[in-house]
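# need the 3D shape of this:
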Amino acid sequence: MEYFIAYRMTVDSAFKDWVMEEGRYLTFVNELLYYAGKTRNDPSLIDLVRDRHLTIFGEATKHLQPIDLNVFDDFVLPRDDDGETIEDAAERIATPPLSPEEKDEEFDLDMPRDEEGRQEVFRPKITDVHEALTFSLMLYSGLLRNFEHMTDAKKREHLGHIWRSWGAIMLDNARFAPRLAAERKIRMNGILYELQAPKGMSDAAVLKQMLITLPHAMIRMIATTMGTEKLRKQLIEPDLEEGLEPKVIKMFRVGLITELRLDETPGAVSDLVGTLRENMYLLWSFVVHLSHLRRHDRIREDHVKALMPPTASAIADIGGGSKRERADRKSKQMARLQREQLLLKMKRDKP
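Residues are numbered from 1 along each chain as shown. Reported below is the predicted structural model:
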């Protein structure tokens, strides 16, 4: 159904205008993305989506204004001495990924189907400006991914708006995370959030785990909606203005590079670790992101070893201290990761 609607949009401008009516277009996200994939470029359409998105964004984020994404630079995690350490997360990078069978079990989802067993077309009912923001950002990100014939300058312009929007959503999620950790089930911005966690787990432990995995969740959503190697140039070659962007956006950028498994992944990760030095929250979160990628076999085997030095450096930086103390900790962490990888290789090779 989505394909036929998208095709009709390419041959019937009146029908395309009907789909793009302001009260309707966000219920046709899939069709618009099919259309974008077919046409490869439609400057007027993505500019219209951008203008509407910025209006929705302004309305949905009034409670966050003025938005300062640099707050993540000094973000303090709740204390949880018994929880997972950054070293634990780092060790998972050296472990083998899930087997295909294990991944199938973890991601086994049933698509909704009608009475005759056909997959249903999802047509959302948007009743809240915050829901509209989510669908608008998904559409905007997806159009940028599919409009590959757009100029470099226009891609960078749209990327700037999109990065900032994802950053604001992460900021909003971090803002209500303490309440969700305490109540485990809340309704915010028209959306019901329910947290599954062991009953004996303290609120502080739950909150810390939520906050540490939040950047990974954001990067996964970015990769799902905007992940394409057609944006490689814009990702690996930020211009001067982009070089001044908040650190959390730098992390999104490098996170997408890792998700795409680009050749530049090890170098980009190493540069990011240097940028995030002394930023415990973002450093720790990024190590967790890498560990999740490894678990789900989304790190190239030739990159696993290359990612160990920046990972060890991140752990050393979090500990603080003098340059020599950091170097000693990095050496010890490197030895630990290499030992873990060797032991696992020996176990796999054992007959």
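# and the gap between Leu256 and Ser165?
As defined by CB to CB, to the nearest Å, Leu256 lies at a distance of 14 Å from Ser165. Just so you know, the C-beta spots here come from the backbone N, C-alpha and C atoms, and that holds for glycine as well.
# who has more neighbours out of the two?
With neighbours defined as other CB atoms under 10 Å, Leu256 and Ser165 compare such that Ser165 has more, 23 against 20.
# in the helix or strand where that one lies, which residues are buried?
Per DSSP states H and E, Ser165 falls inside helix 152-183. Of the residues in helix 152-183, those with enough neighbours to count as buried (16 or more other CB atoms under 10 Å) are 155-156, 158-159, 162-174, 177-178, 180-181.
# next one: stretch 130-143
The neighbour-count check on stretch 130-143 (16+ other CB under 10 Å) flags 130-143 as buried.
# just the closest of those to Ala36, please.
Of all the buried residues of stretch 130-143, the one sitting nearest Ala36 is Leu143; the distance, using CB to CB, is 5.0 Å.
# quick one, what contacts that closest one?
32-33, 36, 45-46, 49 (CB atoms under 8 Å, 6 or more residues apart in numbering).
# got the phi and psi for the most centrally placed residue in the chain?
For the chain, the residue whose C-alpha lies nearest the mean C-alpha position (CA atoms, centre = their mean) is Ile219; its distance is 1.0 Å. Ile219 has phi and psi values of phi -60, psi -40 when expressed as degrees, to the nearest 10.
# that one touches Ile257, doesn't it?
No - between Ile219 and Ile257 no contact is recorded; they are 10.1 Å apart, counting by CB atoms under 8 Å.
# on that earlier part again, just say helix, strand or coil for the closest residue to the residue nearest to the centre of the chain other than its chain neighbours.
With CB to CB, 6 or more residues apart in numbering as the criterion, Ile219 has its nearest non-adjacent residue at 3.5 Å, and that residue is Gly255. Judged by DSSP: H, G, I helix; E, B strand; the rest coil, the three-state class of Gly255 is helix.
# go on, Ile186?
When states are read from three-state DSSP, the local structure at Ile186 comes out as strand.
# can you start the count at 31 instead of 1 from here on
Noted, 31 is the first residue going forward, which turns the last one into Ile216.
# can you pull out the strands in the stretch 81-230 of the chain?
Counting by DSSP state E, counting those that start in this stretch, the stretch 81-230 of the chain forms strands over residues 215-218, 221-224, given from the N-terminal end onward.
# nearest to Glu178, of those strands?
Ranking these by distance to Glu178, with CB to CB as the measure, places strand 221-224 first at 32.2 Å.
# please export the C-alpha coordinates of the closest one as PDB.
Extracted in PDB, the C-alpha atoms of strand 221-224 (Å, rounded to 0.1, in the frame of the first residue of the first chain):
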ATOM      1  CA  ILE A 221       3.100   8.900  26.100                       C
ATOM      2  CA  LEU A 222       3.000   6.100  28.600                       C
ATOM      3  CA  TYR A 223       6.400   4.900  29.900                       C
ATOM      4  CA  GLU A 224       6.700   1.700  31.800                       C
END
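# what mean pLDDT does that strand have?
Confidence over strand 221-224, taken as the mean pLDDT, stands at 78.
# repeat that for stretch 291-300.
In this model, stretch 291-300 carries a mean pLDDT of 97.
# would you indicate which residues of that stretch are buried?
Of all the residues in stretch 291-300, those buried under the rule 16+ other CB under 10 Å are 292, 294-296, 298-300.
# now the end-to-end length of it.
The distance separating the two terminal residues of stretch 291-300, taken as CA to CA, to the nearest Å, comes to 15 Å.
# quick one: low-confidence parts of the stretch 31-180 of the chain?
Judged against pLDDT under 70, the low-scoring parts of the stretch 31-180 of the chain cover residues 133-152.
# isn't Leu286 right next to Thr258, touching?
No - under the criterion of CB under 8 Å, Leu286 lies out of contact with Thr258, with a separation of 9.4 Å.
# and the host helix or strand of Gln371, what's buried?
Using DSSP H and E, the secondary-structure element containing Gln371 is helix 353-379. By neighbour count with 16+ other CB under 10 Å, helix 353-379 contains the buried residues 356, 359-360, 363-364, 366-367, 370-371.
# counting by contacts, list what that helix packs against.
Helices and strands in packing contact with helix 353-379 are listed as helix 116-123, helix 338-348; criterion 3 or more CB pairs under 8 Å, 6 or more residues apart in numbering; DSSP states H and E.
# between it and helix 116-123, how many degrees?
An angle of 40 degrees separates the directions of helix 353-379 and helix 116-123 when computed by axes from the mean of the first three to the mean of the last three CA atoms, to 10 degrees.
# show me how far helix 353-379 is from its chain's centre.
Distance of helix 353-379 from its chain centroid, counting by CA atoms, centre = their mean, to the nearest Å, is 28 Å.
# mind checking how far the residue nearest to Ile249 is from Met256?
In this structure, Gly285 and Met256 are separated by 11 Å, where distance is defined by CB to CB.
# circling back: kindly reformat the buried residues of helix 353-379 as JSON lines and extend each row with pLDDT and distance to Thr85.
JSON lines is the format used below for these (pLDDT from 0 to 100; distance: CB to CB, whole Å):
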{"residue": "Arg356", "pLDDT": "78", "distance to Thr85": "47"}
{"residue": "Arg359", "pLDDT": "80", "distance to Thr85": "49"}
{"residue": "Lys360", "pLDDT": "82", "distance to Thr85": "48"}
{"residue": "Gln363", "pLDDT": "80", "distance to Thr85": "48"}
{"residue": "Met364", "pLDDT": "83", "distance to Thr85": "50"}
{"residue": "Arg366", "pLDDT": "77", "distance to Thr85": "51"}
{"residue": "Leu367", "pLDDT": "78", "distance to Thr85": "48"}
{"residue": "Glu370", "pLDDT": "71", "distance to Thr85": "51"}
{"residue": "Gln371", "pLDDT": "70", "distance to Thr85": "50"}
